[in-house]
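In: this is a predicted model, with the sequence first.
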Amino acid sequence: MVNLQKYQGKINEGLNKAHASAISMARPLDDVRLIVLSDQHKGMRDGADDFQQCENAYLGALSYYLAEGFTLAVLGDVEELWENEADPILKSYSPVLHAEKDFNLVGRYWRFYGNHDDDWEHPDLANRTLGPILGEVTVWESLRLSLQRGDQPLGEVFLAHGHQGTTFSDRYGALSRRFVRHCWRPLQRITKIKTSTPATDWQLRHAHDVAMYNWAADKSRLILIAGHTHHGVFPSPRRIERLSSALHDLRELSMDSPEALSLQAELAAARAQEKPCYFNGGCCSFSDGQVTGMEIAEGQIRLVQWMMREGKASRAILDSADLAEVFEKSKSRAAPIMLDSAQDSGR
């Protein structure tokens, strides 16, 4: 069981630091066309590479968003630098990098670093390595995007990978990187296991989602968009219905199975949330080849999915909401969710 109070303190510390040092910009909501994609984990096209099955769907998505005038925000863990050196990855995925470059050439490219590609937090290294492929690029840790409609301020979208404050992903990142590169990657190459922490540990993921929500819930008119967990989060009645239905479908299985316990915990936490302030775009390294991300366009925020269907990349909207209404619902601070009660109340 995760000690949420201690964990929450570390997440608060990390996010507060990232928020205070974030790049800031302001935009009219109706002018914003943004797609946020995270956790590609591009590797070496071997058994340890979590991205290669998603490559075609990802390229299809980029083609659509470039043509539709979107800004592309790649929200960290874009390259898997815990397992590999950068240059071989960039050569292995030259078509993907050149597709991203097309956004940079027209001034619609935002790049962030996560824990698995935190080499890019060093500007000289990022420009020396990424620059020859992408062109001049600045890699951010976080961004504060203030949105307004006319003269009316609506609220702030805060973008960060989401690893800030975590023990092994942030504070002990260098130690974790050595373990992954020298121990885990050789094993993964042999076994072909497709996994990335924290996506494999539902308890850790649940604790992290709750902590991220709690941090954002204490703010007024702020919504946090993150990645890191590889698990899409879109606070809405539709999400609660979807989780309830999935849990109902498991009724003939043991309710103590990991899948059932995970659904129970997520459903309880979703029901306990008082405001829609934490969103997670999921990842671009699902084992079935799908890609998920978060759109902001036409005044809406949307959780979207891309998959290959009959040889073509196909987009589906999984959930959506009017962003001005989301900000209005998030104007008051909310009480934090307690992890123990969120887990127990779902059982």
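Out: Noted; the coordinates are in hand.
In: separation between Ala270 and Ile301?
Out: 17 Å (Cβ to Cβ, to the nearest Å). C-beta coordinates here come from the backbone N, C-alpha and C atoms, glycine included.
In: so where does Tyr65 fall, helix or strand?
Out: If you go by DSSP states H and E, Tyr65 is part of helix 55-67.
In: name the residues of that helix that are buried.
Out: Across helix 55-67, burial judged by 16 or more other Cβ atoms under 10 Å covers 55-62, 65-66.
In: quick check: next helix or strand after that helix?
Out: Sequence-wise, the next helix or strand downstream of helix 55-67 (DSSP H and E) is strand 71-75.
In: quick one: strands adjacent to that next one?
Out: strand 34-37 (parallel), strand 109-112 (parallel) (DSSP bridges).
In: identify whichever of those lies nearest to Ser257.
Out: Ser257 lies closest, by Cβ to Cβ, to one member of the strands paired with strand 71-75: strand 34-37, at 31.2 Å.
In: who's in contact with the closest one?
Out: Strand 34-37 has contacts (Cβ atoms under 8 Å, 6 or more residues apart in numbering) with 58, 61, 65, 70-75, 159, 225, 227, 281, 284, 291, 293-297, 304.
In: if we can go back for a sec, just name the most buried of the strands paired with strand 71-75.
Out: With neighbours taken as mean count of other Cβ atoms under 10 Å, these reach their highest mean count in strand 34-37, at a mean of 25.
In: next one: that one to chain centre, how far?
Out: From the chain centre to the centre of strand 34-37 is a distance of 10 Å (Cα atoms, centre = their mean, to the nearest Å).
In: for Met212, give me its contacts.
Out: Counting by Cβ under 8 Å, 6+ apart, Met212 touches 11, 15, 162, 224, 226, 278, 280.
In: and what of Glu55?
Out: 93, 96.
In: could you rerun that using 7 Å?
Out: Val96 (Cβ atoms under 7 Å, 6 or more residues apart in numbering).
In: with Pro258 instead?
Out: Pro258 makes contact with Trp202, according to Cβ under 7 Å, 6+ apart.
In: all helices of the stretch 51-200 of the chain, in order?
Out: Counting by DSSP state H, counting those that start in this stretch, one finds helices in the stretch 51-200 of the chain at the ranges 55-67, 86-92, 94-105, 123-134, 173-179, 185-191.
In: spatially central, which residue of the protein would that be?
Out: The centroid of the chain falls nearest to Gly227 when counting by Cα atoms, centre = their mean (1.5 Å).
In: quick check, that one in contact with Val74.
Out: No - using Cβ atoms under 7 Å, Gly227 makes no contact with Val74, being 9.5 Å away.
In: residues shared between the contacts of these two?
Out: What both Gly227 and Val74 touch, as defined by Cβ under 7 Å, 6+ apart, is the set Ser38.
In: in the stretch 201-347 of the chain, which spans are helices?
Out: Under DSSP H, counting those that start in this stretch, the stretch 201-347 of the chain gives helices at 202-217, 237-249, 258-272, 323-329, 339-344.
In: could you dump the ones you listed into a markdown table with mean pLDDT and distance to Asn84 added?
Out: Shown next, in a markdown table, are the helices of the stretch 201-347 of the chain (pLDDT from 0 to 100; distance: least, Cβ to Cβ, whole Å):
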| stretch | mean pLDDT | distance to Asn84 |
| --- | --- | --- |
| helix 202-217 | 93 | 24 |
| helix 237-249 | 92 | 35 |
| helix 258-272 | 90 | 30 |
| helix 323-329 | 98 | 37 |
| helix 339-344 | 49 | 35 |
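In: for these, could you give me a markdown table that also reports distance to Thr138?
Out: Output for the helices of the stretch 201-347 of the chain, formatted as a markdown table (distance: least, Cβ to Cβ, whole Å):
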| stretch | distance to Thr138 |
| --- | --- |
| helix 202-217 | 25 |
| helix 237-249 | 34 |
| helix 258-272 | 35 |
| helix 323-329 | 26 |
| helix 339-344 | 37 |
